[in-house]
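Asks: Have a look at this prediction, sequence included:
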Amino acid sequence: MTRSNPVLPRLLPVLLGALLISGTAQAGEAASAPAHVSPAKAAAKAAAQAAAQKEAAKPEAAPAKEAPAAAAAAPARVSDEELRQRLEARIAAVRAAQTEPKPAARKPAHVRKVAAPAAALGATAVAAHAAAGHGAGHAAPHWSYGGDGGPAEWGKLQSEFSLCGSGKRQSPIDIRGGVKVDLEPIRFDYRPTGFNVIDNGHTVQANLGSGNTIEVGGRRYELVQFHFHRPSEERINGRQFEMVAHLVHKDPEGRLAVVAVLMDQGKQHPMVQLVWNSLPLEKKEETMSPVPIDMNLMLPEDRRYYTYMGSLTTPPCSEGVLWLVLKQPAQLSAEQLAVFAKLYPMNARPIQQASGRMIKESN
Ligand SMILES: [Zn+2]
């Protein structure tokens, strides 16, 4: 016995409408790209499709001189029979979808690609950083910056977090007593890139498409994401800054290098504004920025830095992370600070013991 489906009749007009506009809707499909498509690729695809459609529209526009009304009224040259077949296919698809659990079927398209950049990172410390740490881990126990699950308890929340309690090379630290040497410059190779923004419950994070790299210590690392802390986690000779941006890079072997950009209150920061512009309305949902970001503009002019070996500053606190803390702070406006403060008044891990670690700094 199959009981009649009350949803289907109501869907028919929608489906018909969708078919009629399907010719013009393709550019928008990039926004609901599948999980394996990076923001950059999706943006490129959208641009390519838009360009292709523009091109495709040209030959049609020429004969429209003779019959402009007809051309405008019939944007898609599809036979009735073809239309009927497509409609049947869509109805079949809708029926199939109704056998799936409702929440998944109803989730807006843009939510499904949440895991994209994080998933692309692989089962490395970066993935841990993004998933269990700064990301929205499913099974990860609750950790926080104060009260229950606060930093003093991180190491006991689950065995994978034990380094948070017992590690000897943890971050952040108060950077002082650095050895001044001629440190090689970090070779930044950044270019405008598509990105998504997520409020993962611990910070605001931007996940980037591929193509941004740094070279340092004979290794090349790719920028995968950046996020913010307020106030700055690292201190310089005891001084804490209003905020810090952590630019998380990974090399092909999974080693991490984090560039820290300290931030003071001052003039408006155009790249921070780009991120704020795409803040999602809901936590743990990712939104794609309509505008690419140029990470060169996230960096201060002076690229001299402090460097030391440390850890992730969020569970699981994995060690072996190369820290590159730029000396010159960037600036962001009081309004921009207030936006983040409203979401995260305090999301900085307390200072960890330097334990005699070597700290070097550019002359
Ligand atoms: Zn961080």
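Replies: Thanks, I have the structure now.

Asks: CA only for contacts and neighbour counts going forward, please
Replies: Fine.

Asks: Residue 278 touches residue 197, doesn't it?
Replies: Yes - with contact defined as Cα atoms under 8 Å, residue 278 reaches residue 197; the gap is 6.2 Å.

Asks: Give me the more crowded residue out of these two.
Replies: The neighbour comparison of residue 278 against residue 197 (other Cα atoms under 10 Å) goes to residue 197, with 27 against 19.

Asks: how close does residue 247 sit to residue 320?
Replies: 16 Å (Cα to Cα, to the nearest Å).

Asks: Oh, that last question was meant for residue 233, not what I typed.
Replies: 18 Å.

Asks: What of residue 290?
Replies: Distance from residue 290 to residue 320, by Cα to Cα: 35 Å.

Asks: ok, the two, which is more surrounded?
Replies: A count of neighbours by other Cα under 10 Å puts residue 320 above the other of residue 290 and residue 320, at 17 against 14.

Asks: Give me the helices and strands touching the host helix or strand of the more buried one, please.
Replies: Per DSSP states H and E: residue 320 is located in strand 319-326. On a contact count with 3 or more Cα pairs under 8 Å, 6 or more residues apart in numbering; DSSP states H and E, strand 319-326 meets strand 256-265, strand 305-311.

Asks: sorry, back to before: what's the overlap in contacts for residue 278 and residue 197?
Replies: Contact criterion Cα atoms under 8 Å, 6 or more residues apart in numbering; residues shared by residue 278 and residue 197: 287, 288, 289.

Asks: per-residue confidence at the second one?
Replies: I take that to be residue 288. Looking at residue 288, its pLDDT stands at 97.

Asks: Check residue 138 too.
Replies: You'll see residue 138 listed with a pLDDT of 49.

Asks: Pull out the buried positions in stretch 178-191.
Replies: For stretch 178-191, a neighbour-count test (16 or more other Cα atoms under 10 Å) marks 178, 183, 188, 190, 191 as buried.

Asks: Please apply the same query to stretch 261-269.
Replies: 261, 262, 263, 264, 265, 268, 269.

Asks: now, which of those sits nearest residue 299?
Replies: residue 261 (6.8 Å; Cα to Cα).

Asks: Helices of the chain, start to end?
Replies: Applying DSSP state H to the chain gives helices spanning 7-29, 39-61, 68-73, 80-98, 102-106, 109-112, 116-119, 125-128, 154-157, 163-166, 270-277, 334-343.

Asks: Give the rounded mean pLDDT of the second one.
Replies: Right, helix 39-61. 44.

Asks: swap in the fifth one?
Replies: Averaging the model's pLDDT scores along helix 102-106 yields 35.

Asks: next one: the fourth one
Replies: Per-region confidence: helix 80-98 scores 50 on mean pLDDT.

Asks: start at 845 instead
Replies: Understood, numbering begins at 845; the last thing we discussed is helix 924-942.

Asks: follow-up on the earlier one: what about dumping the CA coordinates of the strand holding residue 1164 to PDB?
Replies: Presented in PDB, the C-alpha positions along strand 1163-1170 are these (Å, rounded to 0.1, in the frame of the first residue of the first chain):
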ATOM      1  CA  GLU A1163      53.200  19.900  19.200                       C
ATOM      2  CA  GLY A1164      55.700  20.400  16.400                       C
ATOM      3  CA  VAL A1165      54.200  23.600  15.200                       C
ATOM      4  CA  LEU A1166      56.500  26.200  13.700                       C
ATOM      5  CA  TRP A1167      55.500  29.600  15.000                       C
ATOM      6  CA  LEU A1168      56.300  32.700  13.100                       C
ATOM      7  CA  VAL A1169      55.100  35.800  15.000                       C
ATOM      8  CA  LEU A1170      55.400  39.000  13.000                       C
END
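
Asks: by how many degrees do that strand and strand 1100-1109 diverge?
Replies: 40 degrees (axes from the mean of the first three to the mean of the last three Cα atoms, to 10 degrees).

Asks: Can you list the strands that strand 1163-1170 pairs with?
Replies: In the sheet, strand 1163-1170 lines up against strand 1100-1109 (parallel), strand 1149-1155 (antiparallel) (DSSP bridges).

Asks: which non-adjacent residue is nearest residue 993?
Replies: In space, and not counting its chain neighbours, residue 993 is closest to residue 987: 4.4 Å by Cα to Cα, 6 or more residues apart in numbering.

Asks: how deep is that neighbour tucked in, by neighbour count?
Replies: Neighbour count for residue 987, taken as other Cα under 10 Å: 20.

Asks: Residue 1199 too?
Replies: 10.

Asks: Check residue 1081 too.
Replies: The number of residues packed near residue 1081 is 12, by other Cα under 10 Å.

Asks: Need the pLDDT of the residue nearest to residue 993.
Replies: Reported pLDDT at residue 987 in the predicted model: 96.

Asks: now swap in residue 1008 and tell me
Replies: 98.

Asks: Next, the contact list for it, please.
Replies: 998, 999, 1014, 1159, 1160, 1161, 1162.

Asks: thought the first one was touching residue 1159?
Replies: Yes - contact criterion Cα under 8 Å: residue 998 and residue 1159 qualify, at 6.8 Å.
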